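**Q** starting from these lines, generate the structure:
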Amino acid sequence: MTDQADQQAAVRLILERLSTEGREWYRSAKGEDVDFFEKRVSANFAMLDGKEIHTIGRKPAGSFPTKKILLTKPSSKEKEAVVGFWLRWNFNETPAEFRLFLGLWYETNGERNFNGYRFETPETGEEHDYFHCQPCRNFGDKDLLPEAALVSEKFPTIPLNASNIVELTVCALMATLGRKKMNQFLRKLLMNSGGSDNGFLKNAYLRCSKESFVDFVQ
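**A** Have a look, this model is predicted:
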């Protein structure tokens, strides 16, 4: 495998695990939790079934289907909220384009709200030629969500401590999970999916956990 193929494989492993956990949560969730999801999200988006994740990299350029969300298991930090992801990529470009959208649907004072963020690889030119995150008012397609927070979609541009698409994906997850749960998620992935053979996934874990070496055999 090439470095790029290894990175794409690592991203697929992460998103497949997230998608599986999200669907498992949805199937066993309490009625009020499902109701929360359906009232706040499903009017605009359907749940991603997971098979689309396998196209990342195998199709050099592509995206998740429009109006679909990779639903994740809710974080205990924000219990009454729905967190999801959407992805667009083009590995034919130089530099390669990889945009991971993070969406947060929640309720404040009885009103529906949405916060969106784009986690992006470096862009051509000198302005955003680094790994970064920006707020957004849409979720994948060009249509603005009516409940989206009124924010600038170009400012601020937040630099991220990432050097490849695996670490960029980990940054997006850590934003919702925190470092401790992110460590647990990645360690489980490395030990149970054969992901320890993927150097990019292993290095992302080591960087996240602030370790220099971990023996995943033990």
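**Q** run through the residues that contact the most centrally placed residue in the chain.
**A** Nearest residue to the geometric centre of the chain (CA atoms, centre = their mean): Phe85, 4.8 Å. Phe85 sits next to 15, 18, 69-70, 72, 100-103, 172 when contact means CB atoms under 8 Å, 6 or more residues apart in numbering. Backbone N, C-alpha and C define where each C-beta goes, glycine included.
**Q** what's the next secondary structure element after the host helix or strand of it?
**A** Element membership of Phe85 [criterion: DSSP states H and E] is strand 81-90. Next in sequence after strand 81-90, counting helices and strands by DSSP H and E, comes strand 97-108.
**Q** buried ones in the strand holding Phe85?
**A** Residues 81-89 are the ones in strand 81-90 that count as buried (16 or more other CB atoms under 10 Å).
**Q** ok, of the residues you listed, which one's closest to Gly199?
**A** Proximity of the buried residues of strand 81-90 to Gly199 (CB to CB) peaks at Trp89, which lies at 20.5 Å.
**Q** now the closest residue to that closest one other than its chain neighbours: how far from Lys210?
**A** Take Trp89 and drop its neighbours on the chain: the residue closest to it by CB to CB, 6 or more residues apart in numbering is Phe98, 5.0 Å away. Distance, Phe98 to Lys210, by CB to CB, to the nearest Å: 25 Å.
**Q** more neighbours: which of the two?
**A** Taking other CB atoms under 10 Å, Phe98 and Lys210 do not tie; Phe98 has more neighbours (24 against 8).
**Q** and that one, how far is that from Leu150?
**A** On the measure of CB to CB, Phe98 and Leu150 end up 27 Å apart.
**Q** and Arg12, by the same measure?
**A** 35 Å.
**Q** then Met47?
**A** According to CB to CB, Met47 and Leu150 sit 27 Å apart.
**Q** who's more crowded, these two?
**A** Met47 (17 against 5).
**Q** and stretch 97-117, how far out from the chain middle?
**A** Here stretch 97-117 is found 12 Å from its chain centre; the criterion is CA atoms, centre = their mean, to the nearest Å.
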